[in-house]
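Q: Let me see the structure of the following:
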Amino acid sequence: MAGDRLPAGEDLAQRVAAVCREVETNVLRLDLARSRLQATRQRVSADRAGREVLHESAFARLAARLDSQPVIEQAKGILIARVGCTPDEAFDMLRTASQRRNVRVRDIASDIVARAASADPPG
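A: As a prediction, this is how the structure comes out:
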């Protein structure tokens, strides 16, 4: 067993080499962890931006709908009064005209309201 032992200098050199390899391995693992963290941060940032865009576009759609809803309701009321139909039938008429003419429902409704306003002056 005494022959199995290395001289003190060689034993120390091997231990130092082993520690150096371990440090290099840890540095590689640290670099890998940093790159994974960076990728995760980018995904989180992209997801947040995507959610913000969706939120803003949903808000914009809702705001546009709220702006156009009164004129659509007025046009439905005009159709109900003039044609004698139900509210659902009036909206179906607006939707059908929209599809035929390839024009938005709110634009057709606005046109109906404008024509009714010019045909029936107040007083």
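
Q: What about residue 77, how many residues nearby?
A: Neighbour count for residue 77, taken as other C-beta atoms under 10 Å: 15. For the C-beta atoms, the positions are set from N, CA and C on the backbone; glycine is no exception.

Q: Any figure for the gap between it and residue 83?
A: Computed with C-beta to C-beta, to the nearest Å, the distance linking residue 77 and residue 83 is 11 Å.

Q: next helix or strand past the helix or strand where residue 49 lies?
A: Assigned by DSSP states H and E, residue 49 falls within helix 8-83. Once helix 8-83 ends, the next helix or strand along the chain (criterion: DSSP H and E) is helix 87-101.

Q: Now do that following helix against helix 8-83, angle only.
A: Calculated by axes from the mean of the first three to the mean of the last three C-alpha atoms, to 10 degrees, helix 87-101 forms an angle of 110 degrees with helix 8-83.

Q: Which secondary structure elements does helix 87-101 sit against?
A: Using 3 or more C-beta pairs under 8 Å, 6 or more residues apart in numbering; DSSP states H and E as the contact definition, the elements that helix 87-101 packs against are helix 8-83, helix 105-119.

Q: The longest one relative to helix 105-119, how many degrees between them?
A: Read it as helix 8-83. For helix 8-83 against helix 105-119, the angle between stretch directions is 30 degrees (the same axes, to 10 degrees).

Q: Show me what helix 8-83 packs onto, helices and strands only.
A: If you count contacts as 3+ C-beta pairs under 8 Å, 6+ apart, helix 8-83 packs onto helix 87-101, helix 105-119.

Q: got the CA positions of the last one in CSV?
A: Coordinates of the C-alpha atoms in helix 105-119 are reproduced here as CSV (Å, rounded to 0.1, in the frame of the first residue of the first chain):
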residue,chain,number,x,y,z
VAL,A,105,-73.4,47.9,-39.9
ARG,A,106,-72.6,51.1,-38.1
ASP,A,107,-72.1,52.9,-41.4
ILE,A,108,-75.4,51.7,-42.8
ALA,A,109,-77.1,52.6,-39.5
SER,A,110,-75.5,56.1,-39.6
ASP,A,111,-76.8,56.6,-43.1
ILE,A,112,-80.4,55.5,-42.0
VAL,A,113,-80.3,57.9,-39.1
ALA,A,114,-79.0,60.8,-41.3
ARG,A,115,-81.7,60.2,-43.9
ALA,A,116,-84.4,60.1,-41.2
ALA,A,117,-83.1,63.3,-39.6
SER,A,118,-83.2,65.1,-43.0
ALA,A,119,-86.6,63.8,-44.0
